[in-house]
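[1] My questions are about this predicted structure, shown below with the sequence.
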Amino acid sequence: MLQALSRISGEDLYERHVNPQWVRLLDVLGMNAAYDRCVGAELLTSDGRKILDFNSGYCVHNIGHNHPGVIAALKDELDKCGPAMLQAHVPELAGELAARLCRLAGGRVNKVFFGSSGSEGVEAAIKFARAHTGRPGIVYASGAFHGLTCGALSLMSNGFWKDGFGSMLPATESVPFGDLEAFERKLADKSTAAFIVEPIQAEGGVLVPTHDYLPQAQALCRRYGTLFVLDEVQTGFYRTGPFLAGHYFGVEPDIIILAKAMSGGLVPCSAVLMSDAVYYSVYTSFKRALVHTSTFSENALAMRAGLVALDILEEERLGERADRAGEILRRCLRERLSQYEMFGEVRGLGLLNAIEFKPPRSVKLSVPFNTLAMIHPAIFGQILVMRLFRDHAMLNQVCGNNFMTLKVSPPLIIEDRELGLFAAAIDEICGLMHTFNGFWTEAIGLTRRAFRTI
Ligand SMILES: Cc1ncc(COP(=O)(O)O)c(C=O)c1O
């Protein structure tokens, strides 16, 4: 049996036993590459191509892929054969990492719960907020992406992610992102435990709120006894310039959720930072010392990766780099793209950026655009992603809750020259899209073929 299995390729086994639909989707888009080596912002494929990464695994690879510093630290940790997942001791590395995260975050937070994913962090925040306030309600902003476990998913309005999975967590309600009046109306009956919000909605389309939105939302939370919770899963670890996007807006949340870039891209890891007051309302006595925990929480490899990732982010001054590179990128993109009818806007902060496209007005473009949109409303953005990959060897993605918007979030170590290459590539694609019928006939043909096979 084992011998028979070894003759089948890993890809075939994946297709049989993990997620065949994913393999088909990558095939249809011509993006099913085999990657041999990923270093920094470069992804080397087995057929000899060099792909530049402008997605960073959805903001995981802030320090670049396979940073030698993280690899060395992890090897060292393994060589030590120390206690890993012993569940019966005090993991010192967790203490060191927690202290450092709280110091960097500043403000109210002083305790940390560690987990393994962003969604797990959101679940913990929901529980802690309910325990602290004794209230059931959680308010979230429509368009948010908080993760796909049941509690986190209950804080998302897009039916694409929720449909077919039955009823969600009760007492979860949305308000429009940026609407303080609607928000205050929700808080007024004092049944809301927490407002859980991304400082910048990443998958919503990289929506940067006005500078006073979050401080005012925080003030309303304090007035009505609601916890103010920032989901910094994508925005944390200098992605937007400062350590947290919340720092840019000058807020001091009661709870902060971190994940993604925390592990240096190699070990799953998340952290929920909270005030002492929140902590003590959950872990009220030593009888309840483990009342919320998780098997992989505080594991040595994740803690070590977290510590060394912070060293690298600080030593390489990647926050300053994100700031400067983001400005260069946005300027280049605006200069090149504003000539195009379908260009909406470029927006972002640091190296969390988006290019939004809008439906065309001219007959010449709206006929093929609408034909494509009728086959599938989300396909237009995916065609751009496919072309960037195929014609320009660049990897990026559309926003998960905003399919007309391309997200541009390269590793923070990306070079100016590479940002210029990206702007030139998207300019060339936009040029074709606006002048060359073949762009649309190929897109429509490919989409029809794809949907026929699905
Ligand atoms: C803002 C935000 N919060 C939470 C999550 C969920 O994180 P995870 O996929 O690690 O569960 C994501 C994932 O993309 C996210 O973007």
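    Arrived safely, thanks for sending.

[2] Please count neighbours and contacts with C-alpha atoms only from this point.
    OK.

[3] Regarding residue 29, what are the backbone dihedral angles?
    Taking degrees, to the nearest 10, you get phi -80, psi 0 for the backbone angles of residue 29.

[4] what about it, distance to the ligand?
    21 Å (C-alpha to the nearest ligand atom, to the nearest Å).

[5] how many other residues sit next to that residue?
    Residue 29: 18 surrounding residues under other C-alpha atoms under 10 Å.

[6] And the one 10 residues further on, by the same measure?
    Per other C-alpha under 10 Å, the neighbour tally for residue 39 reads 13.

[7] Okay, and the beta partners of it?
    Assessed by DSSP bridges, residue 39 has beta-bridge partners residue 42.

[8] That one and the ligand: what is the separation?
    If you measure residue 39 against the ligand using C-alpha to the nearest ligand atom, the figure is 22 Å.

[9] give the contact list for that residue.
    64-67 (C-alpha atoms under 8 Å, 6 or more residues apart in numbering).

[10] Let me have those residues in CSV, extended by pLDDT, secondary structure and distance to the ligand.
    Conversion of those to CSV gives the following (pLDDT from 0 to 100; DSSP: H, G, I helix; E, B strand; the rest coil; distance: C-alpha to the nearest ligand atom, whole Å):
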residue, pLDDT, secondary structure, distance to the ligand
64, 98, coil, 18
65, 98, strand, 17
66, 98, coil, 19
67, 98, coil, 20
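
[11] List buried residues within the residues you listed.
    When those are checked for burial by 16 or more other C-alpha atoms under 10 Å, the buried set is 64-67.

[12] For the residue nearest in space to the middle of the chain, which non-adjacent residue is spatially closest?
    Central residue of the chain (C-alpha atoms, centre = their mean): residue 234, 3.9 Å from the mean position. Computed as C-alpha to C-alpha, 6 or more residues apart in numbering, the closest residue to residue 234 that is not its neighbour in sequence is residue 59, at 5.7 Å.

[13] Could you do residue 324 as well?
    With sequence-adjacent residues excluded and distances taken as C-alpha to C-alpha, 6+ apart, residue 324 is closest to residue 350, at 7.2 Å.

[14] For the one you found, what are phi and psi?
    With angles defined as degrees, to the nearest 10, residue 350 sits at phi 60, psi -130.

[15] I'd assumed residue 239 was in contact with it.
    Yes - Residue 350 is within contact range of residue 239, at 6.3 Å (criterion: C-alpha atoms under 8 Å).

[16] Overlap in contacts, the two.
    Taking C-alpha under 8 Å, 6+ apart as the contact definition, residue 350 and residue 239 share the neighbouring residues 319, 322.

[17] Mind checking which of these two has more residues around it?
    residue 239 (33 against 26).

[18] quick one on the thing from earlier: check the buried ones among the contacts of residue 39 against residue 31 and report the nearest one.
    Using C-alpha to C-alpha, residue 65 is the member of the buried ones among the contacts of residue 39 that sits closest to residue 31, with 19.0 Å.

[19] for the closest one, what are its contacts?
    Each residue near residue 65 by C-alpha under 8 Å, 6+ apart is listed here: 38-42, 265.

[20] give me that answer again for 6 Å
    With contact taken as C-alpha atoms under 6 Å, 6 or more residues apart in numbering, residue 65 is in contact with 38-40.

[21] which sections of the stretch 351-454 of the chain are below the confidence cut-off?
    Scanning the stretch 351-454 of the chain for pLDDT under 70 picks out 453-454.

[22] where's residue 15, which helix or strand?
    Element membership of residue 15, judged by DSSP states H and E, is helix 10-17.

[23] do you know how far the closest residue to residue 43 other than its chain neighbours is from residue 412?
    Nearest residue to residue 43, sequence neighbours excluded (C-alpha to C-alpha, 6+ apart): residue 51, at 5.0 Å. To residue 412, residue 51 is 16 Å away according to C-alpha to C-alpha, to the nearest Å.

[24] More neighbours: which of those two?
    For residue 51 against residue 412, the residue with the higher neighbour count under other C-alpha under 10 Å is residue 412, and the figures read 33 against 21.

[25] surely the more buried one meets residue 62?
    Yes - the pair formed by residue 412 and residue 62 meets the contact definition of C-alpha atoms under 6 Å, at 5.1 Å.

[26] in the stretch 1-150 of the chain, which spans are helices?
    In the stretch 1-150 of the chain, the segments counted as helices under DSSP state H, counting those that start in this stretch are 2-6, 10-17, 20-28, 56-59, 68-80, 92-105, 118-133, 150-153.

[27] Pipe those into a markdown table and attach mean pLDDT, mean neighbour count and distance to residue 439 per row.
    Supplementary listing: those in a markdown table, determined by pLDDT from 0 to 100; neighbours: other C-alpha atoms under 10 Å; distance: least, C-alpha to C-alpha, whole Å:
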| stretch | mean pLDDT | mean neighbour count | distance to residue 439 |
| --- | --- | --- | --- |
| helix 2-6 | 66 | 8 | 42 |
| helix 10-17 | 94 | 12 | 31 |
| helix 20-28 | 92 | 14 | 17 |
| helix 56-59 | 98 | 24 | 27 |
| helix 68-80 | 98 | 14 | 41 |
| helix 92-105 | 98 | 18 | 47 |
| helix 118-133 | 98 | 23 | 38 |
| helix 150-153 | 98 | 21 | 37 |
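
[28] Can you check which of these gets nearest to residue 184?
    The closest of those to residue 184 is helix 118-133. By C-alpha to C-alpha, the value is 17.5 Å.

[29] any residues touching that closest one, and which ones?
    With C-alpha under 6 Å, 6+ apart as the contact definition, helix 118-133 has outside contacts at 136, 147, 151-152, 193-194, 257, 259, 270, 272, 278, 281.

[30] What about the residue of the stretch 301-450 of the chain found nearest the ligand, how many residues nearby?
    Minimum separation of the stretch 301-450 of the chain from the ligand (C-alpha to the nearest ligand atom) falls at residue 400, amounting to 8.6 Å. By other C-alpha under 10 Å, the residues close to residue 400 number 21.

[31] Ok, residue 285 next?
    Applying the criterion other C-alpha under 10 Å, we find 11 residues in the vicinity of residue 285.

[32] Which phi and psi values does it adopt?
    Here the main-chain torsion angles of residue 285 (degrees, to the nearest 10) amount to phi -150, psi 170.

[33] could you pick out which of the contacts of helix 118-133 are near the ligand?
    If you filter the contacts of helix 118-133 for contact with the ligand, counting by C-alpha under 6 Å from any ligand atom, you are left with residue 147.

[34] Which residue is the nearest non-sequential neighbour of residue 345?
    residue 356 is the one closest to residue 345 (C-alpha to C-alpha, 6+ apart), at 5.3 Å.

[35] The closest residue to residue 97 other than its chain neighbours: helix or strand, and which one exactly?
    With C-alpha to C-alpha, 6+ apart as the measure, residue 307 is the residue that lies nearest to residue 97, at 5.8 Å, once sequence neighbours are left out. Assessed by DSSP H and E, residue 307 sits inside helix 300-315.
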